[in-house]
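>>> just a sequence and a predicted model for now, questions to come.
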Amino acid sequence: MAKKNAFYAQSGGVTAVINASACGVIEAARQHPEVIGKVYAGRNGIIGALTEDLIDTSQDSDNDIAALRHTPGGAFGSCRYKLKGLEENKAEYERLIEVFKAHDIGYFFYNGGGDSQDTAHKVSQLGDRLGYSIKCIGVPKTVDNDLPLTDNSPGFGSVAKYVAVSVREAALDVASMARTSTKVFILEVMGRHAGWIAAAGGLAAEQEGDAPHIILFPEIPFEQGRFLKKVDASVKDYGYCVVVASEGVRNQEGQFLSETGSRDAFGHAQLGGVAPFIAQMVKERLGYKYHWAVADYLQRAARHIASRVDVEQAYAVGKAAVEFAIRGKNAVMPTILRASHDPYRWEIGSAHLKDVANVEKTLPQSYITQEGFGITEEGRSYLAPLIQGEDYPPYKNGLPIYVELKNVPVEKKLKEAFTLR
């Protein structure tokens, strides 16, 4: 096998452990110098490839690359930039191949969710069509946990842990003040079409009366009357009510409760905040004093409370991606296969990118209670192992130590610049 360079890029919303996958990719590549030369990273994701803005990761020490494992965010920059179909936007795909040729790149590792796996799949198709040998391997990542054909998605376990812990801690705060102050607390979490993160909040409850008292899932149409009745009953029974609301909660007509009318770079509806919407409803209809919070970036950046299982899996899929590529595999994605619930055991499998691209895995109905406001024991059995274990970063002066790479640019070889659409 001829020695080639590799290209790695991060895509979409970053996570607490996406850099652990980067660490897995780069460390594995460095262990195979006979087939992989340098690992170039795209500055700001796929945009870095299109604009020939590459980063030479060989300029960073082994210690700094190892420190990626406990550093949140995207070490090389990420982006929300969706490449359209091959026929309607062939120029961009041809540009990628042109950049890969110029820098002798024979391996493409794209770390992201469903849209990213679609891009990796299309690049593999174009490589075949143009006769350019490029091994395209998707590296799974998404806090939404909605990738198919994998037990779970790296990034989700740490968000799930953050949300479950936050719900438990906030509930203690609210309960202690409920007699004279706030009686309803609403935590809004990510999850546009799939309620996995909201469901994870349910792990905070271990017995009757524990918070959260209500979980609002995208999979269950919101009914105002049933919701308000449940809020009122919780306040009367327990003195307070804690609600975990997915940002993607919809009404019975299928409309997002919080849709603003705008769209992001992937064409997804921009959501404007379901928590304040619901809080206002509670105030107007029930008169209870409320507080609300939006976990927002905090939930996906909280490396200080990451799940050890999640960190290990994120690293493993990055490492496996390289191993797949040097074994000649193409257009595949490493997956996580659950061998058992208790004790939790898992292994690495693989799936074809064509079967992963643009497919969303939603929360099974069997994980949601019959009334639609909580998780079942089956759901708990699935979720609980994913938040297990702690993997704290090193600390100094009371704060975590996170690495900042040099991100040395690679000299450009193409004369023509490329204008992003």
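That came in fine, so what should we check first?
>>> can you show me the helices along the stretch 151-300 of the chain?
Assigned by DSSP state H, counting those that start in this stretch, the stretch 151-300 of the chain shows helices spanning 156-177, 196-201, 224-238, 274-286, 296-301.
>>> let me redo that: the stretch 301-421 of the chain
Counting by DSSP H, counting those that start in this stretch, the helices of the stretch 301-421 of the chain are 308-326, 353-356, 377-383.
>>> any idea what the residue positioned nearest the centre of the chain is structurally, helix, strand or coil?
Nearest to the mean C-alpha position of the chain, by C-alpha atoms, centre = their mean, lies Thr142 at 2.1 Å. The three-state label given to Thr142 by DSSP: H, G, I helix; E, B strand; the rest coil is coil.
>>> residue contacts, it?
Contact analysis of Thr142 by C-beta atoms under 8 Å, 6 or more residues apart in numbering lists 12-13, 15, 112-114, 153, 155-156. All C-beta spots, glycine's among them, are computed from the backbone N, C-alpha and C.
>>> per-residue confidence for it?
On pLDDT, Thr142 comes in at 96.
>>> want to throw the helices of the stretch 301-421 of the chain into JSON lines with mean pLDDT?
JSON lines is the format used below for the helices of the stretch 301-421 of the chain (pLDDT from 0 to 100):
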{"stretch": "helix 308-326", "mean pLDDT": "98"}
{"stretch": "helix 353-356", "mean pLDDT": "95"}
{"stretch": "helix 377-383", "mean pLDDT": "97"}
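>>> just name the most buried of the helices of the stretch 151-300 of the chain.
helix 196-201 (a mean of 30; mean count of other C-beta atoms under 10 Å).
>>> just to revisit the earlier point, closest to Asp342 out of the helices of the stretch 151-300 of the chain?
helix 156-177 (16.3 Å; C-beta to C-beta).
>>> elements contacting that closest one?
Judged by 3 or more C-beta pairs under 8 Å, 6 or more residues apart in numbering; DSSP states H and E, helix 156-177 is in contact with strand 184-189, helix 196-201, strand 241-246, helix 296-301, helix 308-326.
>>> just the angle between the longest one and helix 156-177, please?
I take that to be helix 308-326. Orientation of helix 308-326 against helix 156-177 (axes from the mean of the first three to the mean of the last three C-alpha atoms, to 10 degrees) gives an angle of 160 degrees.
>>> then helix 308-326 to PDB, C-alphas only?
Provided in PDB are the C-alpha atoms of helix 308-326 (Å, rounded to 0.1, in the frame of the first residue of the first chain):
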ATOM      1  CA  ARG A 308     -16.000   8.000  31.100                       C
ATOM      2  CA  VAL A 309     -17.900   5.600  28.900                       C
ATOM      3  CA  ASP A 310     -18.400   8.400  26.400                       C
ATOM      4  CA  VAL A 311     -14.700   9.400  26.400                       C
ATOM      5  CA  GLU A 312     -13.600   5.800  25.900                       C
ATOM      6  CA  GLN A 313     -16.100   5.300  23.000                       C
ATOM      7  CA  ALA A 314     -15.200   8.600  21.300                       C
ATOM      8  CA  TYR A 315     -11.500   7.700  21.300                       C
ATOM      9  CA  ALA A 316     -12.300   4.100  20.200                       C
ATOM     10  CA  VAL A 317     -14.200   5.200  17.100                       C
ATOM     11  CA  GLY A 318     -11.500   7.600  16.000                       C
ATOM     12  CA  LYS A 319      -8.900   4.900  16.400                       C
ATOM     13  CA  ALA A 320     -11.100   2.300  14.600                       C
ATOM     14  CA  ALA A 321     -11.600   4.700  11.700                       C
ATOM     15  CA  VAL A 322      -7.800   4.700  11.000                       C
ATOM     16  CA  GLU A 323      -7.600   0.900  11.400                       C
ATOM     17  CA  PHE A 324     -10.500   0.400   8.900                       C
ATOM     18  CA  ALA A 325      -8.800   2.700   6.400                       C
ATOM     19  CA  ILE A 326      -5.500   1.000   6.400                       C
END
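>>> ok, back up a step: export the helices and strands packed on helix 156-177 to CSV and tack on distance to Gln207?
Formatted as CSV, the helices and strands packed on helix 156-177 follow (distance: least, C-beta to C-beta, whole Å):
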stretch, distance to Gln207
strand 184-189, 19
helix 196-201, 16
strand 241-246, 14
helix 296-301, 25
helix 308-326, 25
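>>> tell me the pLDDT at Asn330?
Looking at Asn330, the pLDDT reads 96.
>>> so for the contacts of Thr142, which is the shakiest by pLDDT?
When these are compared by pLDDT, Gly114 scores lowest at 91.
>>> pretty sure Gln125 contacts Leu86?
Yes. Counting by C-beta atoms under 8 Å, Leu86 is a contact partner of Gln125 at 6.6 Å.
>>> just name the most buried of the helices of the stretch 301-421 of the chain.
Most buried of the helices of the stretch 301-421 of the chain, by mean neighbour count (mean count of other C-beta under 10 Å): helix 308-326, with a mean of 24.
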